[in-house]
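Engineer: Here is the input, now give the coordinates:
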Amino acid sequence: MSQKLKFRHELKFFINYHQFYTIRQRLKNLMLPDKNVGPTGEYHIRSLYFDDMHNTALHEKLGGVRDRKKYRIRIYNVEDKIIHFEKKIKKGDFIAKVKESLTRDMYESIMAGNYEVLNRPDKPLMMELYNEMKHNLLRPKVIVDYVREPYVCHNGNVRITFDKELRTGLHATDIFNKELDPVRAIDDNLMILEVKFDEYIPDYIKIALQLEGLNRQSASKYVICRKFLKFNTWEDY
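Structural biologist: Purely as a prediction, here's the structure:
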């Protein structure tokens, strides 16, 4: 990849709503809301995850492979103003992300099976995706849908997000379908707390989070939704 990768720490936790209200109350005095939030302090994320003919991303995660990658198309608030095709790279507890913008027409072409729109030698990620789709049958697998409440702190470049109402679109693959009606993929009382940072977390944020008392989890939203799909629709991996 010609884009220089910037790896960051990423920690994930399952928390319940009682923990959420407690932690959020502490953080509100220490961190700022992300500039992209709406009036409620949140925004909606919908991603379409891809995997190859061997379900490599799924099986590597389930198998505990520490260095791996995932591909997804991501949109916000079910709008097409921003459409990104992203590659998320994981090395142990570190993550990096590279992405390219798509137009709505490019998205529709990809979904129709016309991968030539990605045949862009001047854009390494697009060429990687093009080759994965042609040679490894990289295809859409599952929609992951949730509401995010994000906070940021420039000291340490810390980003803390509360990801609520994790849902999946089952066998649907059109992320722009406003009638999708995705179904809940985890317990109603649970959400995912994600903590991302560069080199360190300031002590005052560590104290507010009290991470030692939380339920650290490693399952990705992609895996949670694929497993939900398998157990509720008899999908075969």
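
Engineer: got the buried residues for the longest strand seen in the chain?
Structural biologist: Criterion DSSP state E: the longest strand present in the chain is strand 139-153. Under the neighbour-count criterion of 16 or more other C-beta atoms under 10 Å, strand 139-153 has 140-151, 153 buried. C-beta coordinates here come from the backbone N, C-alpha and C atoms, glycine included.

Engineer: ok, Phe14 to Lys70 distance?
Structural biologist: 20 Å (C-beta to C-beta, to the nearest Å).

Engineer: More neighbours: these two, which one.
Structural biologist: Ranked by neighbour count (other C-beta atoms under 10 Å), Phe14 and Lys70 place Lys70 first, with 22 against 17.

Engineer: So which bits of whatever helix or strand the more buried one lives in are buried?
Structural biologist: Taking DSSP states H and E as the definition, Lys70 sits inside strand 67-76. Residues of strand 67-76 classed as buried by neighbour count (16+ other C-beta under 10 Å): Arg68, Lys69, Lys70, Tyr71, Arg72, Ile73, Arg74, Ile75, Tyr76.

Engineer: Output the contacting helices and strands for that strand.
Structural biologist: strand 43-51, helix 56-62, strand 79-91 (3 or more C-beta pairs under 8 Å, 6 or more residues apart in numbering; DSSP states H and E).

Engineer: Looking at those, which is nearest to Tyr204?
Structural biologist: Comparison of the helices and strands packed on strand 67-76 against Tyr204 by C-beta to C-beta identifies strand 43-51 as nearest, at 26.1 Å.

Engineer: which residues sit against that closest one?
Structural biologist: Residues from elsewhere that reach strand 43-51, judged by C-beta atoms under 8 Å, 6 or more residues apart in numbering: 34, 36-37, 57-58, 70-78, 132, 138-148, 150, 163, 173, 175, 221-222, 225-226.

Engineer: can you pull the buried residues of that strand?
Structural biologist: For strand 43-51, by 16+ other C-beta under 10 Å, it's Ile45, Arg46, Ser47, Leu48, Tyr49, Phe50, Asp51.

Engineer: One more: stretch 211-227?
Structural biologist: Leu214, Ser220, Lys221, Tyr222, Val223, Ile224, Cys225, Arg226, Lys227.

Engineer: Which elements pack onto the helix or strand hosting His18?
Structural biologist: Per DSSP H and E, His18 falls inside helix 17-27. On a contact count with 3+ C-beta pairs under 8 Å, 6+ apart, helix 17-27 meets strand 158-168, strand 190-197, helix 203-209.

Engineer: any chance of the ones you listed in JSON lines, plus mean neighbour count and distance to Val117?
Structural biologist: What follows is those, written out as JSON lines (neighbours: other C-beta atoms under 10 Å; distance: least, C-beta to C-beta, whole Å):
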{"stretch": "strand 158-168", "mean neighbour count": "21", "distance to Val117": "27"}
{"stretch": "strand 190-197", "mean neighbour count": "20", "distance to Val117": "31"}
{"stretch": "helix 203-209", "mean neighbour count": "16", "distance to Val117": "42"}
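
Engineer: Phe94 is nearest to which of the ones you listed?
Structural biologist: Nearest to Phe94, of the helices and strands packed on helix 17-27 and by C-beta to C-beta, is strand 190-197 at 10.2 Å.
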